[in-house]
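**Q** I'll drop the sequence and a predicted model, then ask my questions.
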Amino acid sequence: MSHSAAQPGRPSHDDGDARPGTYAGRQHPVAALVLIALGIGVFAGLVGLAPWAATGMVLPVQNLWAFQTMPEDMPVALLPLSQYMAIRIVGLMVTGGLVAALGLRWWAPARHWTAVGWAAAGLLLVQVAAAVQSFSVLGDGLLMGSMGDLYFYGLLAGVVAAIAAAVLVLLAVRSRSKAVAALGIGLAAVPAGEWLFAWGEVFWESFALPPVVSMLGHWFPAVLAGLALAWCPPDRMGRAAVWVVDLALLWTVPVLFDAVAGALGTRVFRGDLALMQEYAAGSFTAALDSPGAVGTVVLAAALGVAGVLVRMVSRRTA
């Protein structure tokens, strides 16, 4: 059989850029397909929340809480709503979208968009339910007023944006285009590193994390992005652009996350948005040329180039 022959039950184009009418995935009755896709979405949403669930899901202590409450006596919340945990929430949500997309790529059903839609519905079911429960708990105990309103609705806007990003990653990574899928993985790489880092706080206090946990959280995004680039060789203009964008994301997003986390976590600003923006912009600019930021880009690029070379050699010797 020729190497170019299509495999039964798979796209007829081995690079994943199947044209309309050429995609032939696994056949399922519609009801079974809906249940499986919905289950994938629900499972992925739960996987995204798993590091937080493993800590016991006790709402972090709130600076604007209406009652004096010990940390262990705070209510249970399905999301860690706090200005100090804003980046963590992004990691939990976006990783759920990534897991759902990878599950769909592995499954590869024939009714592509039907499966994607129901998986997105399952993911949203988990994430929206978690948000509704958590904000209900927060609203019940928060000291409302100008600062309380700003805090509550600011967190709400951030969570909505994180859920939207999770759905965007799901749609992108499950795309039939390798370029779009690799771009989606690049978008999810840094949040996935934050999700992995969150597991460390299940076993250790945040101030006593072993260095290996921090290293995994820092370098994992580079490995993930590098593997995506190796899978998507820059042999076309669009794919070459994806390489540039993914490496740029890997360079800038961790620095941006650190800058935003610093601005949100500095209590002296007391909700002064102008000061927070100024602080975040200064921190972002100052950290762009740090060895850690540049090192992840170099590692991802090296993995991508190495993967492309290995594929080229294996094809020539096949």
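**A** Sure thing, it's come through.
**Q** now the helices for the chain?
**A** 30-54, 86-107, 112-141, 146-173, 178-198, 200-203, 211-231, 237-265, 273-287, 291-317 (DSSP state H).
**Q** how far off helix 211-231 does the second one point, in degrees?
**A** Yep, that's helix 86-107 we're talking about. Computed by axes from the mean of the first three to the mean of the last three Cα atoms, to 10 degrees, the angle separating helix 86-107 from helix 211-231 equals 40 degrees.
**Q** And helix 86-107, what's buried?
**A** In terms of neighbour count (16 or more other Cβ atoms under 10 Å), helix 86-107 has its buried residues at 86-104, 107. To be clear about C-beta, it is placed using only N, CA and C from the backbone, and glycine gets the same treatment.
**Q** how far off helix 178-198 does it point, in degrees?
**A** Computed by the same axes, to 10 degrees, the angle between helix 86-107 and helix 178-198 is 130 degrees.
**Q** and the angle for helix 86-107 with helix 237-265?
**A** Using the same axes, to 10 degrees, the inter-axis angle of helix 86-107 relative to helix 237-265 is 150 degrees.
**Q** what's the answer for the longest one, then?
**A** Helix 112-141 and helix 237-265 are oriented at 10 degrees to each other (the same axes, to 10 degrees).
**Q** in this structure, which helix or strand is least confident?
**A** Ranked by mean pLDDT, DSSP states H and E, the helix or strand of the chain with the weakest confidence is helix 273-287, at a mean of 80.
**Q** list the helices and strands that helix packs on?
**A** The helices and strands touching helix 273-287, judged by 3 or more Cβ pairs under 8 Å, 6 or more residues apart in numbering; DSSP states H and E, are helix 237-265.
**Q** Dead centre of this structure: give me the residue that sits there.
**A** residue 94 (2.8 Å; Cα atoms, centre = their mean).
**Q** Give me the nearest residue to that residue, chain neighbours excluded.
**A** The shortest distance from residue 94 to any residue other than its chain neighbours is 3.7 Å, reached at residue 191 (Cβ to Cβ, 6 or more residues apart in numbering).
**Q** Could you do residue 172 as well?
**A** Computed as Cβ to Cβ, 6+ apart, the closest residue to residue 172 that is not its neighbour in sequence is residue 184, at 2.8 Å.
**Q** show me the contacts for the one you found.
**A** By Cβ atoms under 8 Å, 6 or more residues apart in numbering, the contact list for residue 184 reads 98, 101, 168, 169, 171, 172, 173, 174, 175.
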